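J.: Prediction below, plus the sequence it came from.
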Amino acid sequence: MSAANIQKLCESTREKLKFGIERTEIFLNEYALPQLTTEQFDEEMVQFYKGFLSELRHLLVFSEVSYEKLGVVLRRANFDIEFAEKALYNVYHHCVNNFFYPKNESYAEDGRYAYTGQDAIRFRIKPIQEARNIILNITKVYEELRDDLTYYESDYLTERRMQSQRSHA
């Protein structure tokens, strides 16, 4: 991929992350465990929301770190392709993967719904509307990032390994 294309990809990725970060921050600043469990206060719901909030905080941190790294990439006087590709790789592996494969499995993507026009995200336990909304609001961002950065799922690493093997030979 040319330097110009990688630079454009870095710019669009950064903008998408910014949107996801803003939405997630607003939610986390407004909702904590007590606000989420006012309607349903049983141990299962408390554990669900603890995991849910933990997943969102991790996603926010990974997204902010990636956003900042992409900012560094774009501000450098000389565009560093290798540094840019590593930053894009990290967006895929830390942000996209954390969104679609949350550690506590509060929700999951059900691919059977992806082509039906319905929401592909399914929650393990039905959350309050605001918790559902935050995930559905940022799903499109992480879907677009996944589509844009698919190359960095495996091809980027394979290419780096091959370069490393050639340099050691």
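T.: Received the coordinates, thanks. Residues are numbered from 1 along each chain as shown.
J.: Now for Lys8: which residues touch it?
T.: With contacts taken as C-beta atoms under 8 Å, 6 or more residues apart in numbering, Lys8 has no neighbouring residues. All C-beta spots, glycine's among them, are computed from the backbone N, C-alpha and C.
J.: Please identify which helix or strand holds it.
T.: helix 3-30 (DSSP states H and E).
J.: ditto for Arg122
T.: Per DSSP H and E: strand 121-123 holds Arg122.
J.: Can you tell me what sits against that strand?
T.: Ser106, Tyr107, Ala108, Glu109, Asp110, Tyr113, Arg132, Ile135, Leu136, Thr139.
J.: a markdown table for the residues you listed, including neighbour count, secondary structure and pLDDT?
T.: Below are the contacts of strand 121-123 laid out as a markdown table (neighbours: other C-beta atoms under 10 Å; DSSP: H, G, I helix; E, B strand; the rest coil; pLDDT from 0 to 100):
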| residue | neighbour count | secondary structure | pLDDT |
| --- | --- | --- | --- |
| Ser106 | 22 | coil | 93 |
| Tyr107 | 22 | strand | 93 |
| Ala108 | 14 | strand | 91 |
| Glu109 | 18 | strand | 88 |
| Asp110 | 12 | coil | 80 |
| Tyr113 | 13 | helix | 57 |
| Arg132 | 15 | helix | 94 |
| Ile135 | 24 | helix | 96 |
| Leu136 | 13 | helix | 93 |
| Thr139 | 18 | helix | 94 |
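J.: So which of the residues you listed is the closest to Thr38?
T.: Arg132 (15.4 Å; C-beta to C-beta).
J.: what's the nearest residue to that closest one if we skip its chain neighbours?
T.: Phe123 (6.8 Å; C-beta to C-beta, 6 or more residues apart in numbering).
J.: continuing past the strand or helix carrying Val72, what's the next helix or strand?
T.: Here Val72 sits within helix 43-75, counting by DSSP H and E. Per DSSP H and E, the first helix or strand lying C-terminal to helix 43-75 is helix 81-90.
J.: Quick one: list the elements packing against that following helix.
T.: With contacts taken as 3 or more C-beta pairs under 8 Å, 6 or more residues apart in numbering; DSSP states H and E, helix 81-90 sits against helix 3-30, helix 43-75, helix 151-168.
J.: so which of those helices is the most packed in?
T.: helix 43-75 (a mean of 18; mean count of other C-beta atoms under 10 Å).
J.: Read off the pLDDT value for the residue positioned nearest the centre of the chain.
T.: In the chain, the C-alpha nearest the mean C-alpha coordinate belongs to Cys95, at 3.0 Å (C-alpha atoms, centre = their mean). Cys95 carries a pLDDT value of 96.
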